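Engineer: output the structure for:
(2 chains)
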Amino acid sequence: MSDGKLFAKSNSVELRAELEQAMKKSKSHSRIKIVLRKVIANIILNNNELAAMMPDVIDLFKIDDLEIRKMCFQYLSNYAHVNPRDASEALPYLEQFLNDSSPIVRALAIRTLASVANKDYIERTVGAVRTGLGDVDPYVRKTAAYAVSRLYQHDPTRTEKHNLISELNELLYDKNQVVVSNALASLSYVTDHSRTLTLAIDKAHSMALITHLGNANEWCQIYILNSLMSYVPQNSEEALDLIEATIPSLQHENSSVVLNAIKVIVYYSHYVKNPGLIFPTLPKRLGTSLISLLSKPAEIQFLVLRNVILLLLGSKDLVSFEVEMFFCHNEDPIYIKDTKLEIIYLLANEQNVHVVLRELEEYATEVDVSMARKAIRALGNLAVKLPNAADACVEVIQNLFNEGISYIVQESAVVLKNIMRKYPNKFQQETLELVKFYKLIDEPDAKASMIWIIGQACQFIDSVETIFEVIISNFKDDPIEVQYATLTAATKLYLMLPEKGEKTVLNVLKWATEESDNPDIRERGYIYWRLISSEYASGKSGNFQEVTKEIILNPNPIISPENDSIDPKILEELELNIGTLASIYLKPVSHVFRLAKVKSLPNSPVLQKRAQGPVTSDVTVATKNAQSTSGRKVSVISSPVADTSFPARNLTPRSTSSKQTYDSTGSSNEDISSKDSFAKRLTRKATQLAARKGSRD
Amino acid sequence: MISSLCILHWPESDSHSQVLVSRRYRNDIPNERSIVSSFEILYKKLRPEERVPFNYHRGINYVHIRGANDILLLVTATTNINAMSVVVFLNSFYGILHNYLCQQLSSSNNEDFKHLSLDRDSIIDNVNLIFELIDECLDFGLIQSTDYNILREYIKVNVNLPRFRADGSDITSDESDSESNSKHDVKSRARAKSKSKSNSQTNHNSNIKSTSNHAITNDVIDHSSEFVNSSVLRTYSSAINWRQKGIFYSKNEIYIDIIEDCEFYYDLELGVIKRNEVFGTCAVKCYLSGMPVCRIGFNEKQISRIGNGDPDDASENETEVLPSNQLKADDREEEEDDEELESKEKSPTAEPELAVQSKKSRIPIRNVQFHQCIELATIYKNNLVTFIPPDDKFILMTYHLEQQKQKKKLPLIMIEPTFRVLKSTNKLQVLCVVSTNFKKRIHCQNLMVRIPINPNIFEVDIGKDEDCLKYRAETGEVGYKVDSSELVWKIGAIDGREQARMMAELTLTSAEKVNTTYIQDVLLHRGPIREASAPSDDEDEDSAQAELDQFYGVHGQSSSSAKKLTKQWKIQNFDNDIKLKFSIPMLAYSGLRLNYLSVVEDQLKYSCFPWVRYATESDPHKKTGKGDNKDIAGQNCDYRFRIGISSFQIIGNGTDKPKS
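Structural biologist: Below you'll find the predicted structure:
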């Protein structure tokens, strides 16, 4: 009989009747099994009413049939907490099973006992576990090891009081490696959840564990590898030994073993001075074994790629990759392509930039629009990241937008704005080319960028006022960011080219101050209006709007590729968590998992301090240059996880762009996020200037 | 340490999913219903490109993988779990389910059952079995074991197979093969009856092994009554936990298949190989008694020191006395000689790719991954792969070859297509030349060339007559596939170093707008087509009358759905690449070869029959389900050629000058 037919909600009375029927008839066992399956099906259907059947089910323990017993055990562990009184009736049976001759029955009994959180069960479990830990059969010992952590989950104090933890500890010296590894897994659960206990193993034991590594099953290997992380090497040789012993695992078939082995190696290489000198091939080894995982299913690939990002950010010198390996394949899911783009961006340097550019250009002409956009973003970010390759990047971008395809032009606008901020006055020709396509632009992001570009380069553009007229024609319906950009650009236009811009700026300011419903827009409109029309605007020398120009046409702070910098502390913690969920979110563990312990590299005489490489210097540069950038950086990385916060850090496509776009006044380092204070500060600055001027007079 | 595991059925179109099986391990999460529903909400909120396998929402982490037929495996956790383990586990668990619920069917040696995949019904029908499996694979939310070969011996609950519904009560899931397999149905029904009657395991057990060569596991205490094989417990916790003791075969055989899947991308416009990768799999079928130790050596020294970078420091301290080689050497050497001869002949002219390899140059193998039975530590010592094999089929190792560094090599099979548009007669002529670049003695089988006829460029007139396609081919058959708009040229077998030509002619409705710039635009997926094609479909003609006319093919309407299909294709983005499918036995593209093989069993001391097979393949559709363990190496290995503008010729009184 197929189980499908059993999937119907039934109540206890019916099933009880059926059970009685089944008992009476011949071949009762198979009939009982069918009824029990119905019961199990109802567990899945969340039918709590069946807890009333407890006495009947417990009665079935009399039958000597493993399949029936298994199902009864399952029933018991599901409903015992609902019906604790009746569930106690099962205890004598369980007691009896604990002394059964079959190890399977013994193990099942221990497991069931431990998984029920009722008081009388817990009491009984303590004894059962203790005998179970000393059982002759490894399978029972293994089950007992888990029973300890189960018990710990229900009642930590009792578990510790009865010394079960230390007895579990004994199992670490068991001669059977399956028992050892499962005991390790169980212990690591306990220590993860305990405030006081930590797992610490000594040198001899860690070497013993490594010998187990060779002949344990794949999952056991993982537990063993993980526990190796709790050993703190006291000198470099130890660390080297351990690294060497772990290396064979890099070729394991199970991707998880590979990744965990990498984690262990990365961990130990913190305790070796210049691991690169001692193991010249190590970076390549790690690289190839990570790459080899890219032929696995997409989910695994994704995880690997996230961890590659982590390694690239943190221990760049420990892994070496060829960027070609991360080129996207046609059939990759989008999220893989995304992540690969990030990696391509991170890996790009002056040597391989030509290959990368060719590849990105190909993506940009691809069918998939979102992919094409992302490729262009990546191109733009590369131009910002690699000053020597900027020309080549911009050339590619120019080739792309010259085709006149709407979305490519829009994306190019966003990207080119960033490039202009990084290299002011460098790519005028390209900018002018782009402006020709102004009619194709309709997305807010692109439009705001385009307006900023026009405002910035208005001197060089022919008939800029007509272009501007077209763009601002539906000023009132534009999103607020575009309106901000328009306001600023119009003012700039007026300041640079008073004759051409006068009409435009009047129009825009009029709209902003009289017709806009948004107070921020209105306020900004007023500020510009006052700045322009102020009596002090022309300054002492009487040049046209000199003071206003000083305020508004300040050179922009140069943006820096702030992407590849995470706080080294966080990186360190993440590296200890390679392959875990935190490594995907790339966020400090405590932000996602509130109760998790913070991991850090334990101190040891040979602990190598993380090199103060370019990563940190980047941060400082950024802080000096622009508060806003660094302030945002922190928020990007360490912001508490929002609800659907994934992907949290999308390095390539988004981060350099959107937000900083609109601190477009060029006058200060303000971020758009502080726009309310922006107005105030601007006025303050204006008054200060005026006051200074007045005092000089 | 996961908190719960659920198997869901969630079709794209439905707003809600159905929980098929669920199991919880920890009490730190709300009940399954609310978890699943919050997962649904979370998932639906995400844009398609954000639908990554890992999600976080209000303190709960959701990890999921998708299987075939809208099956979704979902794991939840509240702690920072080892995500990699979980994903790997989910994949292998899916594989186990697939093996249990589908593979056992296919072992009945019936071709039709080979491509079954896991679906909702088969899961629901086997909830009990799945529970057993989950309990064995996971304990307390920690992964225990996912070895199918072991589990198979361990858990022997009967599989409820949808097609074997003995009473014939409802046949909902039998869609496709109800007619064609009526004969088999009878048979299977009979078997199912006998199964339900006896309810014994022996019968079932015999179904699992398809070969004539049955293993007798004489360690099993009591076949009929015990439904758990207790000997497995010992196996499970012993050092060699992938092989149980006491296996006996009357005839000892080991089959080693080296199968290489090619992923290849050639740009015809530039004449450049863009991608040339080989995904190799070494699959072993092993019918050996006792605890045999197998040793395998390859012709490639570097197999053991992949990525080590320095090939020269191979320390050849073969102090260990090795058992004699059981591979017959003569046959192989002859072949090698032949190869060398041949390469000498041709190398000055054509620079054939095999010549490069026979020079004993280093094969750039990377990413070798070994099955857990291989002693990883010893590979480095004497360049031999030593292992105690699991019983029956398994993948010994997989490897990956980048031929990127050898881009100059000729592709195995080369295609030169020409599209000739005759404007005067509204005809499209497709000329195609296939040339093979491997040794003469080797044959390529089942070559299939699929040439796309892009409906954005050419509107093929299919409607009226049957003879819209005329073709002439030196070998094989050509057909036009309306639904995917492509020419399919099937060649049963072709030898190495040969050429075959084909010409096909299609009638077009109009060839007026076809010109070079237009084609160029289409090939580069440029703007106008995408926008123009979508709205041009006049939707308003679907009055009932017209629909009926169309259905019956009267009033000048054709009943063919071709028009609709082409329209559909137009809107979608059409794939412009020529795709190839083929298999070449006896050839390993990488040049990898088995040099040495020995099987030693200390106690039984039998001689065994080794069989070695090589094949190079490309077949994008070979791998259907995730759990299909047969050929895992390369997923979706395409052999593609990108068409460039130079492949198009326009002849006639059009505005464009004919290109030569």
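Engineer: residues touching B:Phe641, list them.
Structural biologist: Under the criterion of Cβ atoms under 8 Å, 6 or more residues apart in numbering or on different chains, the neighbours of B:Phe641 are B:Tyr265, B:Tyr266, B:Asp267, B:Leu268, B:Ile415, B:Pro417, B:Asp577, B:Ile578, B:Lys579, B:Leu580. To be clear about C-beta, it is placed using only N, CA and C from the backbone, and glycine gets the same treatment.
Engineer: what bridges to it?
Structural biologist: In this structure, B:Phe641 has beta-bridge partners B:Tyr266, B:Ile578, where bridges are defined by DSSP bridges.
Engineer: distance of it from B:Phe264?
Structural biologist: Using Cβ to Cβ, to the nearest Å, one gets 9 Å for the distance from B:Phe641 to B:Phe264.
Engineer: quick one: what helix or strand has residue 35 in it?
Structural biologist: With no chain named, the answer covers chain A. Secondary structure assigned from DSSP states H and E places A:Val35 in helix A:28-44.
Engineer: you answered for a different chain; I wanted chain B.
Structural biologist: Short version, using DSSP H and E: B:Ile35 is in helix B:32-45.
Engineer: and that helix, which residues are buried?
Structural biologist: Judged by neighbour count using 16 or more other Cβ atoms under 10 Å in any protein chain shown, the buried positions of helix B:32-45 are B:Glu32, B:Ile35, B:Val36, B:Ser38, B:Phe39, B:Glu40, B:Leu42, B:Tyr43.
Engineer: just give me the closest of those residues to A:Thr504.
Structural biologist: For those, the minimum distance to A:Thr504 (Cβ to Cβ) is 46.7 Å, reached by B:Leu42.
Engineer: surely that closest one touches B:His57?
Structural biologist: Yes - in this structure B:Leu42 lies within contact range of B:His57 using Cβ atoms under 8 Å: 4.7 Å.
Engineer: what's the burial count for the residue of the stretch 351-500 of chain A found nearest chain B?
Structural biologist: Taking Cβ to the nearest Cβ, chain B has its nearest neighbour within the stretch 351-500 of chain A at A:Val367, 4.3 Å off. Using other Cβ atoms under 10 Å in any protein chain shown as the criterion, A:Val367 is surrounded by 15 other residues.
Engineer: that's a strand at it, yeah?
Structural biologist: No - going by DSSP: H, G, I helix; E, B strand; the rest coil, the assignment for A:Val367 is coil, not a strand.
Engineer: one step back: from the buried residues of helix B:32-45, which are also near chain A?
Structural biologist: Intersecting the buried residues of helix B:32-45 with the surroundings of chain A, defined as Cβ under 8 Å from any Cβ of the partner chain, gives B:Glu32, B:Leu42.
Engineer: pick the one among the buried residues of helix B:32-45 closest to A:His193.
Structural biologist: Within the set of those, B:Ile35 lies nearest A:His193; the separation is 20.9 Å, counting by Cβ to Cβ.
Engineer: tell me the contacts of A:Leu294?
Structural biologist: Each residue near A:Leu294 by Cβ under 8 Å, 6+ apart is listed here: A:Gln301, A:Val304, A:Leu305, A:Met325.
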